[in-house]
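Undergrad: Any chance you could fold what I've pasted below:
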Amino acid sequence: MQSTRLFEILYCLLEKDRMTVSRLAEKLEVSTRTVRRDLDALSAAGVPVYAARGRNGGVRLLPDFVLSKTLLSAREQDEILAALQSLRATGSGVESDVLTHLNGLFRRDAADWIDVDFSPWGGGPAARAVFPQLKNAILERRRVTFDYFGANGTSGRRTVEPCRLCFKGANWYLQGYCLSRGDFRVFRLSRMERVSVETDFFALRDTPPPLDGETGGPIVSMHTLTIRFSPAMAFRVYDCFRREEIRRQEDGSFLVCTMWPEGDWALSYLLSFGGEAEVLDPPETREALRREAERMLKKYL
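TA: Numbers count the residues shown, from 1 in each chain. Reported below is the predicted structural model:
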């Protein structure tokens, strides 16, 4: 028990640089007398810990103290190696040499347990290059320029001061300050083409608003939609809708009640289910789907 507490004190001092005895006692839920005994034990073990009195006093470690690998358990060493391997898989910039050096220090091998590819299926090398391009632009504070295709089918060249990459609703988005719009906007990565990172830097602006508060364009009206899906659509139903929106029926079909955006894109998506889905409500959406289906049918007569 004492050895675990000694490690906790050491980790606290490495993280906080300085802590009072009373604060350490509070954090560890022991008495100040116990903390002082533990500090004496650390000092006797060769850890350069010392206490200073006065207003800015407290318990410190010498500035050049380095945590020895022996102070990390085998499990903790594995966790560090796995975390670095995970970061490298996301394209965050962790180099192979870092893992190699730590493998040598810990005398352990990092399990190659994860692989992350942000590009779509069949996207090829060009699609895989976009994510690290944007990541580097954010870290280096460089503007990016790209062709962007909006939901209405129009496209235009945009120059953006990138702030962050966001994953939401099974898609990646770039959030940044759009110079042509003079405001923060959100751009879906799959709609970006000819991405280039500029040489000029930019100064950070205000913190961008929460992603839920942005639309990147005109406000989209939402309405309640009730849809019945055949049992064959189970995989898509559970992929596309929240569990609380889905009710399994006795015949194996699915009844879904959800909020849905209005517009041509929404109709096209509903039609992608073919005859395996039927919109029950509202009547306006049923009628719009009927007209669109008739228009499609005329092309094949």
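Undergrad: Name the residues of stretch 43-59 that are buried.
TA: Of all the residues in stretch 43-59, those buried under the rule 16 or more other C-beta atoms under 10 Å are 47, 49, 58-59. (Each C-beta comes from the backbone N, C-alpha and C, glycine too.)
Undergrad: Which member of the residues you listed is positioned nearest Asp147?
TA: Set against Asp147, the nearest of the buried residues of stretch 43-59 by C-beta to C-beta is Gly58 (56.3 Å).
Undergrad: ok so, going back, so which of the buried residues of stretch 43-59 belong to helices?
TA: Among the buried residues of stretch 43-59, no member falls in helices (criterion: DSSP state H).
Undergrad: Looking at those residues, which are in strands?
TA: Among the buried residues of stretch 43-59, the ones falling in strands (DSSP state E) are 49, 58-59.
Undergrad: Then Tyr269 would be within a helix, right?
TA: Yes. Note on Tyr269: a helix contains this position according to DSSP: H, G, I helix; E, B strand; the rest coil.
Undergrad: Can you get me a residue count around it?
TA: Applying other C-beta atoms under 10 Å, we find 12 residues neighbouring Tyr269.
Undergrad: repeat for the one 4 residues further on
TA: Number of residues near Phe273 (other C-beta under 10 Å) recorded here: 18.
Undergrad: which one is it nearest to, not counting chain neighbours?
TA: Here the nearest residue to Phe273 in space, its sequence neighbours aside, is Met233; by C-beta to C-beta, 6 or more residues apart in numbering that works out to 6.4 Å.
Undergrad: and if you look at Glu262?
TA: Ser221 (4.7 Å).
Undergrad: So the one you found sits against Pro261, correct?
TA: Yes. Taking contacts as C-beta atoms under 8 Å, Ser221 lies within contact range of Pro261: 7.0 Å.
Undergrad: Name the strands paired with the helix or strand hosting Arg185 and say parallel or antiparallel.
TA: Applying DSSP states H and E as the criterion places Arg185 in strand 183-188. Strand pairing for strand 183-188, determined by DSSP bridges: strand 171-178 (antiparallel).
Undergrad: Distance from the strand it pairs with to the middle of the chain?
TA: Averaging C-alpha positions (C-alpha atoms, centre = their mean, to the nearest Å) puts strand 171-178 12 Å from its chain's average.
Undergrad: same question, stretch 29-36
TA: Offset of stretch 29-36 from its chain centre (C-alpha atoms, centre = their mean): 40 Å.
Undergrad: In it, which residues are buried?
TA: Going by 16+ other C-beta under 10 Å, stretch 29-36 has these buried residues: 34-35.
Undergrad: swap in stretch 222-238?
TA: In stretch 222-238, counting by 16+ other C-beta under 10 Å, buried: 225, 227-230, 233, 237.
Undergrad: same question for that stretch, mean pLDDT?
TA: Regarding stretch 222-238, the rounded mean pLDDT is 90.
Undergrad: ok, now stretch 27-43?
TA: Rounded mean pLDDT across stretch 27-43 is 86.
Undergrad: Output it as CSV, nothing but the C-alphas.
TA: Presented in CSV, the C-alpha positions along stretch 27-43 are these (Å, rounded to 0.1, in the frame of the first residue of the first chain):
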residue,chain,number,x,y,z
LYS,A,27,-5.6,14.0,-2.6
LEU,A,28,-4.3,10.7,-1.1
GLU,A,29,-6.8,10.7,1.7
VAL,A,30,-4.2,10.3,4.4
SER,A,31,-2.8,12.4,7.2
THR,A,32,-0.1,15.1,6.7
ARG,A,33,2.1,13.0,9.1
THR,A,34,1.8,10.0,6.7
VAL,A,35,2.7,12.2,3.7
ARG,A,36,5.9,13.5,5.5
ARG,A,37,6.9,9.9,6.3
ASP,A,38,6.4,9.0,2.6
LEU,A,39,8.5,12.0,1.5
ASP,A,40,11.3,10.9,3.8
ALA,A,41,11.0,7.4,2.2
LEU,A,42,11.3,8.8,-1.3
SER,A,43,14.3,10.9,-0.3
